[in-house]
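Chemist: just need the structure, nothing else, for what follows:
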Amino acid sequence: MSALTGTGSLARLALRRDRLMLPLWAVVVGGMVASGAGSIGALYDTPAARARVAASMNANSSIRSLYGPVFGDSTGALVAWRFGVFAAVLAAVMSLIIVVRHTREEEETGRQEMLSAGRVGRRAPLTAALLTALTANTAVALVITAGLAGEGAAGALALGLAVGGTGMVFATMAAIVAQLTESARLAKGLTAAVLGAAFLLRAAGDAGGASALTWLSPVGWAGNVRAFASERWWVLVLMVAAVAAQTAVAYGLAGRRDVGMSFLPARPGPASGRLATAGALAWRLQRGGLLGWTLGFLAAGLVFGGMVEGASDLVGDNAQARQIFERMGGQSGLENAFLAAMTDLFGMVATLYVVGSVLRLHGEETSGRAEPILANAVSRLRWAAGHLLVAFGGAVLLMVAAATGLTLSYGRDAGPVLGAALAQLPAVWALGGVAVLLYGALPKATPTAWAAAGLCLALGWIGPALDLPQPVLNVSPFGHLPKLPGAAVSWPPLLILGALTGTLVAAGLTGLRRRDLVT
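Modeler: This is a model prediction of the structure:
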């Protein structure tokens, strides 16, 4: 039997399981970039205006660290500058989720062992996962290429391939990590950490003009393709080489281990003491991830805090850009608007942590680890409460870390910034409540919680730039929050979101008590 026997069947199964998630990712990531041409064209409708804004962006190191340098003054070049880096990061996140879901997660739940009992080759599951990731990234590239073809076919194709290529680099990286680790959670966390390091490396390189640092980051490669600005097609060869090399390493590792095993097995822990309660166990399982998220928020706060005054200098004489920031952060002064936009962004990203932490319950259940715990004198509510406390309490810690970073870097009064950060929590918790409801009442629909979080992230960060109508932005709970600091605190939306969170959590826990465990 060949090592690839059964690849086609497993790939079709993976595509069927992801038939809703993959199109949604393609529409969100690809559509975000494709729709940018209209907003950029409306903001900067003359060659002189585009040349002026390109020069301003390149002169500001803070803005370069976030978006990268501008390589041209056409509408397409400005779209590639404004959306390219974030599209590449989102494609990488999509890819690592897909690969880990169809490799390590399948082994962790025991489903892969059952499938491998049939005519399935040793490397077929990994190949099917990579083919699924390739399909998703191809779809994203096609949406971008088709959406921006009017700005120039070559540039649109280059940008689409750059974004899709970045996704495949991190897909193959996730394939390696999935062989090394014993849990899907750790595999996703480690790959996401590498992605975060790549983003920071690119940001440091672009901010200081040190191109050598940018070339060390796969995220930086996407920008250096220079779509719509004398495209560097040879940079795509770097991506192909990285994908090929990492695939070879992943295949080599996959052929040297048994199903369910890993090269870095988890260390057995004590069965008593600090792990004697369900809450203590939940903390032990999730504390590493929470620590990583907290350090990331603190570092990001330090970076964004240093951009506040730079953003003010940049936007000072640009009415259109000022309007975007004010739509994002309120009309209480540009610096306050920028801080409000940043705290809003931190809140939306914190939602990803909360959703992932809540859905850890689903992973514990489907892997069979929850069953022996619940077979003892531990109720389902006590078991779930431990994880939910870490999830919802962890969001508070993340926002405090972000506010601390912003305050230290910005050098102003900490009170208003901390208040703005904490004001995001009702919206963060509301989306966490959606995850609890889906897990408790509709466990098969739990991946929808990620779609809801991703939609809110797209609406909050890209919606104002596209000047979407307020009713559309209000689909996200973040659209109802007061724009702090600077604006007056409006308590009714905060209280309503808090009540909504309580209702969703209660409904989810009620469903968990009444349904059978997923096996």
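Chemist: thought Gly405 was touching Leu298, still the case?
Modeler: Yes. Between Leu298 and Gly405 there is a contact under C-beta atoms under 8 Å: 4.6 Å. No exception for glycine: its C-beta is placed from N, CA and C like everyone else's.
Chemist: of those two, which one has the most company?
Modeler: Legend: neighbour count by other C-beta atoms under 10 Å for Leu298 and Gly405, higher for Gly405 (24 against 18).
Chemist: contacting residues for the more buried one?
Modeler: Phe297, Leu298, Ala299, Ala300, Gly301, Leu302, Val303, Phe304, Gly305 (C-beta atoms under 8 Å, 6 or more residues apart in numbering).
Chemist: the closest residue to Thr5 other than its chain neighbours and Ser2: what is the separation?
Modeler: Distances taken as C-beta to C-beta, 6 or more residues apart in numbering put Gly121 closest to Thr5, at 4.0 Å, once the chain neighbours are dropped. Gly121 is 5 Å from Ser2, where distance means C-beta to C-beta, to the nearest Å.
Chemist: who has more neighbours out of these two?
Modeler: Neighbours of Gly121 and Ser2, each counted by other C-beta under 10 Å, are more numerous for Gly121; the result is 17 against 11.
Chemist: what pLDDT is listed against that one?
Modeler: The per-residue pLDDT reported for Gly121 equals 72.
Chemist: same question, the one 10 residues further on
Modeler: In the predicted model, Leu131 carries a pLDDT score of 95.
Chemist: check contacts around it.
Modeler: Contacts of Leu131 (C-beta under 8 Å, 6+ apart): Thr7, Ala11, Ala14.
Chemist: which SSE is the second one in?
Modeler: Element membership of Ala11 [criterion: DSSP states H and E] is helix 7-17.
Chemist: just the element for the most centrally placed residue in the chain, please.
Modeler: Central residue of the chain (C-alpha atoms, centre = their mean): Val93, 5.5 Å from the mean position. Element membership for Val93 (DSSP H and E) is helix 75-102.
Chemist: that older thread, what's the closest of the contacts of Leu131 to Ser409?
Modeler: Ala14 (42.9 Å; C-beta to C-beta).
Chemist: correct me, but the closest one touches Ala128?
Modeler: Yes. Under the criterion of C-beta under 8 Å, Ala14 makes contact with Ala128 at 5.5 Å.
Chemist: those two: who's more crowded?
Modeler: The residue with more neighbours, out of Ala14 and Ala128, is Ala128; 25 against 22, by other C-beta under 10 Å.
Chemist: how about the nearest residue to the more buried one, chain neighbours excluded?
Modeler: Using C-beta to C-beta, 6+ apart and skipping residues adjacent in sequence, the residue nearest Ala128 is Leu10, 3.6 Å away.
Chemist: OK, contacts around the one you found?
Modeler: Applying C-beta under 8 Å, 6+ apart to Leu10 gives the contacts His102, Leu115, Val120, Ala124, Pro125, Thr127, Ala128.
Chemist: which residues in the stretch 201-350 of the chain form helices?
Modeler: In the stretch 201-350 of the chain, the segments counted as helices under DSSP state H, counting those that start in this stretch are 211-215, 218-224, 235-254, 278-305, 308-315, 319-329, 334-358.
Chemist: so which of the ones you listed comes closest to Ala192?
Modeler: helix 278-305 (8.3 Å).
Chemist: so for the residue nearest to Gly306 when sequence neighbours are not counted, what's the pLDDT?
Modeler: Sequence neighbours aside, Ser409 is the residue nearest to Gly306 in space, at 4.6 Å (criterion: C-beta to C-beta, 6+ apart). In this model, Ser409 is scored at 80, pLDDT.
Chemist: now do Arg226
Modeler: Here, the pLDDT recorded for Arg226 equals 91.
Chemist: please apply the same query to Leu96.
Modeler: 92.
Chemist: quick one: contacts for it?
Modeler: Here Leu96 is in contact with Phe170, Ala171, Met173, Ala174, Lys188, Thr191, Ala192, Leu195 (criterion: C-beta under 8 Å, 6+ apart).
Chemist: ok, the third one to Met94 distance?
Modeler: Applying C-beta to C-beta, the value for Met173 to Met94 is 13 Å.
Chemist: could you do the first one as well?
Modeler: With distances taken as C-beta to C-beta, Phe170 is found 9 Å from Met94.
Chemist: more neighbours, the two?
Modeler: Neighbour comparison, Phe170 and Met94: the larger count goes to Phe170, with 31 against 25 (by other C-beta under 10 Å).
Chemist: what sits closest to that one if chain neighbours are left out?
Modeler: Distances taken as C-beta to C-beta, 6+ apart place Ala92 nearest to Phe170, at 3.8 Å, with adjacent residues excluded.
Chemist: any weak-confidence spans in the stretch 101-250 of the chain?
Modeler: Applying pLDDT under 70 to the stretch 101-250 of the chain flags residues 112, 116, 208-210.
Chemist: quickly find the element holding the closest residue in space to Leu422 that isn't next to it in sequence.
Modeler: Take Leu422 and drop its neighbours on the chain: the residue closest to it by C-beta to C-beta, 6+ apart is Met399, 5.9 Å away. Under the criterion of DSSP H and E, Met399 resides in helix 380-410.
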